[in-house]
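Asks: model this:
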Amino acid sequence: MDKDALISSVLHLRQVEKLSQQQIADKLGIGRKRVRRMLKGQDVAKPIARKSILDKYINLIIEWYKQYPRLKAMQVYERLQSYGYQGSYASVIRLTLEYRKVKGDVYHALTFLPGQEAQVDWFFFKHERMGTVAGFVYLLSYSRYAWGIFYPRHCFEFFLAGHMECFKHIGGLAHCHRYDNLNTVVLKHASQAVTYNPQFLDFARFYGFSMHACNKNSGNEKGRVERLIRDIRVFLYGETFIDLADLNRKFHLWLEKRNNTVHRSTDKTPKELLSQERLIPLPQNVYWARRVIAASVSKTALVEFETNKYSVPTSCAGKTVEILAYPERIEICLAGQTVARHKRCFCRMQIIQNPLHAEKLLEWTPKFKSQRILESISQMDEVFNHFLVHQEDDDTRIQVAYQLFTLLRSHSKVMLVSAIKELTGMKCFKVKALLSLLNLPQPKQGDPLWPQNKDLLNLNYEERNLTDYDELT
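Replies: Next up, the predicted model:
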């Protein structure tokens, strides 16, 4: 038997008759080792695998991994059970092993033209004194020039204020801004289209920049700003800060140093490349960084905002108003008219009152007027309270509180606080000194030489003729 015929016979006996190597050798009268070499040297087709209980679920499993590439074997097993799967968990592990293998990510390097794009993001820093503060960062993709600022909140108005702060510092803005899926920018990110926040669209239209929202779970698309944030965190954990102002001061010093350091990718400093950026110039008009919130006024003429309560005139009680939240202050409007302004409070569960708002109510209740004025002025500012505490007695304290109350009608709170601070620094707690400092006329005291009989002032005298003065010349 020739070689080809012998090999064919060996393959037939092995694959069809299912004989062992020794049985084939005995049948053909050749050695077992020769049979093994023949089988090893041929492209022998593997036996057809027996059917698995998972075969009918394979398309379903593939579809699941297309939608959720990070599914675990146990999650697939639990899903299959709802489809009537009665096989073992081990079978699911073996089948899904190929799909669960971690695949390395490969990214294309992004290049940008001068002024083409800026990457923007928030990050958070927890401090033992200040609590959690929000850091806003703005980085020009071409020059790598970066700027930013810390805020006590990360609300919409602070997001706008952060942009405007960076625009002002850089002297312009990039043509396109790249964002993560922040709620302040993106309301919905579907595969076909992105739904942007209409308030932020108005801001973008005012400054004339376009937007690019990164895909979900794709931090690599804004890798430049992510790397910047990583470096900022290293700086933060190596420094100590007294308050938010101290934090921003040291942060800006660190940014200036970074912007004047040669970058590893460009071999130039970001400050040097900033002059090459073709930025959009800033508009002449001013855009107000604020957020509008509808609210109801309580029966006690207070409006709640961020757990704090702010006073409004008593005539607004029970009505619906709009809160205009700015980074530094809040304004309360009724029917388009501003009825109250307050400095924004970042504490919790506080009551911020302007005593003038309750003026009409105090007129209706004269019995409690003096005491209510004293209470309102004391709570209005710690400087006022300190000034009142150092008065001689309760009656004097009530009188001084009323005088401060009337001064608020003609002078701003900031002016009064500044004047009283100056007096308390000299350990002076007299209202006369306050009026003098404000350049106000002081009440005149009675003249001890004033006649008791006022009729003595009605003196009559004979007028002289003007010709008498001519003779003197």
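
Asks: Quick check: residue 388 touching residue 379?
Replies: No. Under the criterion of CB atoms under 8 Å, residue 388 makes no contact with residue 379, lying 10.8 Å away. No exception for glycine: its C-beta is placed from N, CA and C like everyone else's.

Asks: for the stretch 1-150 of the chain, what are the low-confidence residue spans?
Replies: Confidence mapping of the stretch 1-150 of the chain against pLDDT under 70 gives the ranges 1, 42-50, 102-110.

Asks: Please enumerate the strands of it.
Replies: Listed in chain order, the strands of the stretch 1-150 of the chain (DSSP state E, counting those that start in this stretch) span residues 117-127, 131-140, 146-151.

Asks: what does the stretch 151-300 of the chain give?
Replies: Residue ranges of the strands in the stretch 151-300 of the chain, as given by DSSP E, counting those that start in this stretch, are 176-179, 186-189, 194-196, 210-213, 291-296.

Asks: Now tabulate the ones you listed in a markdown table and tack on distance to residue 74.
Replies: A markdown table is the format used below for the strands of the stretch 151-300 of the chain (distance: least, CB to CB, whole Å):
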| stretch | distance to residue 74 |
| --- | --- |
| strand 176-179 | 36 |
| strand 186-189 | 29 |
| strand 194-196 | 34 |
| strand 210-213 | 33 |
| strand 291-296 | 44 |
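
Asks: can I get those in TSV with distance to residue 274 and mean pLDDT?
Replies: Conversion of the strands of the stretch 151-300 of the chain to TSV gives the following (distance: least, CB to CB, whole Å; pLDDT from 0 to 100):
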stretch	distance to residue 274	mean pLDDT
strand 176-179	17	92
strand 186-189	29	84
strand 194-196	28	85
strand 210-213	21	88
strand 291-296	31	93
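
Asks: Among these, which comes closest to residue 254?
Replies: Distances from residue 254 to each of the strands of the stretch 151-300 of the chain were compared by CB to CB, and the smallest falls on strand 176-179, at 23.2 Å.

Asks: Give me the more crowded residue out of residue 388 and residue 379.
Replies: The neighbour comparison of residue 388 against residue 379 (other CB atoms under 10 Å) goes to residue 388, with 19 against 15.

Asks: about what we covered before: out of the strands of the stretch 151-300 of the chain, which one sits most buried?
Replies: With neighbours defined as mean count of other CB atoms under 10 Å, the strands of the stretch 151-300 of the chain peak in mean count at strand 176-179, which reaches a mean of 20.

Asks: which residues are contacting that strand?
Replies: For strand 176-179, contacts defined as CB atoms under 8 Å, 6 or more residues apart in numbering pick out 116-121, 141, 185-186, 204, 209-214, 221-222, 225.

Asks: do you know how far residue 4 is from residue 24?
Replies: Residue 4 sits 16 Å away from residue 24, going by CB to CB, to the nearest Å.

Asks: Out of these two, name the residue with the larger neighbour count.
Replies: Neighbours of residue 4 and residue 24, each counted by other CB under 10 Å, are more numerous for residue 24; the result is 23 against 8.

Asks: Against residue 313, how distant is the more buried one?
Replies: 106 Å.

Asks: Of all the residues in whatever helix or strand residue 421 lives in, which ones are buried?
Replies: Assigned by DSSP states H and E, residue 421 belongs to helix 413-425. By neighbour count, with 16 or more other CB atoms under 10 Å as the criterion, the buried positions of helix 413-425 are 413, 416-417, 419-420, 423.

Asks: Can you lay out these as TSV showing distance to residue 229 and pLDDT?
Replies: Putting those into TSV (distance: CB to CB, whole Å; pLDDT from 0 to 100) gives the following:
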residue	distance to residue 229	pLDDT
413	39	82
416	43	86
417	38	86
419	44	87
420	43	88
423	47	86
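
Asks: any idea which helix or strand comes after the helix holding residue 421?
Replies: Following helix 413-425 in sequence order, the next helix or strand is helix 431-437 (DSSP H and E).

Asks: which strands and helices sit next to that next one?
Replies: Packed against helix 431-437 by the contact rule (3 or more CB pairs under 8 Å, 6 or more residues apart in numbering; DSSP states H and E) you find helix 394-410, helix 413-425.

Asks: got the CA coordinates for the longest one in CSV?
Replies: Which is helix 394-410. What follows is the C-alpha trace of helix 394-410 in CSV, where atoms were taken according to Å, rounded to 0.1, in the frame of the first residue of the first chain:
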residue,chain,number,x,y,z
ASP,A,394,-31.4,98.5,78.1
ASP,A,395,-33.1,101.9,77.5
THR,A,396,-30.0,103.3,75.9
ARG,A,397,-29.6,100.1,73.9
ILE,A,398,-33.1,100.5,72.5
GLN,A,399,-32.6,104.1,71.6
VAL,A,400,-29.3,103.4,69.8
ALA,A,401,-30.9,100.5,67.9
TYR,A,402,-33.6,102.9,66.7
GLN,A,403,-31.0,105.5,65.6
LEU,A,404,-29.2,102.8,63.6
PHE,A,405,-32.5,101.8,62.2
THR,A,406,-33.2,105.3,60.9
LEU,A,407,-29.6,105.7,59.6
LEU,A,408,-30.2,102.6,57.4
ARG,A,409,-32.7,104.6,55.4
SER,A,410,-30.1,107.1,54.2
